[in-house]
Every structure is written in structure tokens, then in C-alpha cells.
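In: sharing a model prediction with you, sequence too.
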Amino acid sequence: MGEKNPILYPFSPSLVPPPADWPANCHMTGFWHWDRMTWKPSADLRAFVEDGSPPVVFTMGSLWPLHRRYGVLRMAWEAVRKAGRRMIFVGSTHGEELPPDVFHVDEVDHRWLFPRASCVIHHAGIGTVSQALRAGIPQMSVPALVDQPYFAQRLTELGVAPSPVPLAGLSASKFAASIDECFDNPELARRAVQVARGVSGEPGVVQAAEVLETWAGADCNG
């Protein structure tokens, strides 16, 4: 690959400030979003979202198949219910029975749903993190592996999420305490809105394309 080839980091400097000693070929572009312009919610989903207070969204993305799936879902629902909130679960049920009054959808456009939510519970995968930051709402993270613990900690340091609640050692009491903080700490909501203003204005895909085109043009010209 060589040292001259560009290295692209598809996340926001709001989340991870670029180190001062990075070489010139390293570029933090901002998040890369795929905006699904033709996606529309089902009538049932729209009705659930609009018929009451903004719901909590629970989605664990690629983490969901790991283990203790139904137990984690039950913890989430019990914590949300005790907080007096409604919940939408995004993901496959694998044939398992859902808790009562939980609205289920296999997949959804985060750009549509998250701004209509009061809070997002997730695994701290970078794609879900980016959409939640853009939506400007508090987040609760349940990280497990790879880069998830790092991004979960960054959300806390950024001031938009309580301390991470790792999947290892997860308990109903920890889940409930974190959810309560999402709603009882107004600073999380204020900071989330503030961060969203900056993140929403970052043209990550455009910036990445410009870096590549500049590099390719220079390479072709000798």
C-alpha cells in the first residue's frame, strides 16, 4: 500500500478528535451516511410512533446474534416500562415471543426513526452511533467487542450517554439505572442536540470522495 496512499476514517472529529501527530495522508472525513430517499415507514410503525410520547428504540445491530438475546431484550423492556416509556425493538426475534406492548420491526431507516425517539439503546457500533448522534438524542450503550467499548466510552466522554453498560456482567439493575439517567439527566439531552448540529453539517462521503479523487489525480499525473 505504501505511505502515500490516503487512509480514510469514516467518523466525525466531534466523536474522535484527530491526533495532532497524524501524517498528512490520514483523513477523518465525518460519518458516511446512506440516506434511503425512497424508504417509507409502515402505517403501523408510523401510528405507534405518533400515538403517544416519543418511544425508546432498542437495537443491537450485528451484536444481537451473540448470546442471552431474549434475556437482554427482557431487561431492556422492564427498564423502559419502569421508566414509564414505550419501546420499539429493531431486529429479528428468531421466533421468540416479545414482551407485551413492544413494537417490533425487522429493520428500519434510522434517519427516520431516531429523531422521533426519546432515547436509543444500542451496542455502540459505529453506524448506529453515527445516526443517533445525527438525531440529537441521548444514547445508552451496551458494548461487547471489537471497537464497541471504545466508541461507547467516547459517547460518555462526549456527554451524550451515561457510562457504558457492557454486555458482560449486564444485569437488570444496571440496565434500569442507565435508562433512568438518560431521562433524569437533562444535560445529556442538551449536549446531544449541541453535538447533532456539528455532526449533521459534515459531508463525510463528499469529503472522502474528494480525498480519493485528489490522490488519484496526483498519481495519474506522475
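Out: Ah, there it is.

In: and after the worst-scoring helix or strand of the chain on mean pLDDT, which helix or strand comes next?
Out: Using mean pLDDT, DSSP states H and E, helix 69-82 stands out as the lowest-scoring helix or strand of the chain, at a mean of 85. Remark: after helix 69-82, the chain's next helix or strand is strand 87-90, criterion DSSP states H and E.

In: could you name the helices and strands sitting against that next one?
Out: helix 43-50, strand 56-59, helix 69-82, strand 103-105 (3 or more CB pairs under 8 Å, 6 or more residues apart in numbering; DSSP states H and E). Backbone N, C-alpha and C define where each C-beta goes, glycine included.

In: and it, what's its mean pLDDT?
Out: Averaging pLDDT along strand 87-90 gives 94.

In: mind saving the C-alpha coords of that strand as CSV?
Out: Below are the C-alpha coordinates for strand 87-90, written out as CSV (Å, rounded to 0.1, in the frame of the first residue of the first chain):
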residue,chain,number,x,y,z
MET,A,87,-40.3,0.8,23.3
ILE,A,88,-39.6,-0.2,19.7
PHE,A,89,-37.4,-3.2,19.1
VAL,A,90,-35.5,-3.3,15.8
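
In: pull up the pairing partners for it, direction included.
Out: Sheet pairing here is set by DSSP bridges, and for strand 87-90 it gives strand 56-59 (parallel), strand 103-105 (parallel).

In: residues in contact with it?
Out: 45, 48-49, 55-59, 73, 76-77, 80-81, 98, 101-108, 113, 117 (CB atoms under 8 Å, 6 or more residues apart in numbering).

In: show me the shaky parts of this protein.
Out: In the predicted model of the chain, residues 1-3, 63-70, 219-222 satisfy pLDDT under 70.

In: where do the strands sit along it?
Out: Under the criterion DSSP state E, the chain contains strands at 7-9, 26-28, 56-59, 87-90, 103-105, 119-122, 139-141.

In: how about residues contacting the third one?
Out: Identification of contacts with strand 56-59 by CB under 8 Å, 6+ apart yields 73, 76-77, 80, 83, 85-91, 113-114, 117-122, 128, 179.

In: buried among those residues? Make that a ChimeraX selection.
Out: This is how ChimeraX selects the buried members of the contacts of strand 56-59, with burial counted by 16 or more other CB atoms under 10 Å:
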select :73,76,77,80,83,85,86,87,88,89,90,91,113,114,117,118,119,120,121,122,128,179
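
In: comparing the strands paired with strand 87-90, which comes out most buried?
Out: When the strands paired with strand 87-90 are scored by mean count of other CB atoms under 10 Å, the highest mean neighbour count falls to strand 56-59 (a mean of 26).

In: restricting to C-alpha, output it in PDB.
Out: This file holds the C-alpha atoms of strand 56-59, laid out as PDB (Å, rounded to 0.1, in the frame of the first residue of the first chain):
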ATOM      1  CA  VAL A  56     -37.300   4.300  23.300                       C
ATOM      2  CA  VAL A  57     -35.600   2.500  20.400                       C
ATOM      3  CA  PHE A  58     -33.700  -0.700  21.300                       C
ATOM      4  CA  THR A  59     -31.400  -2.100  18.600                       C
END
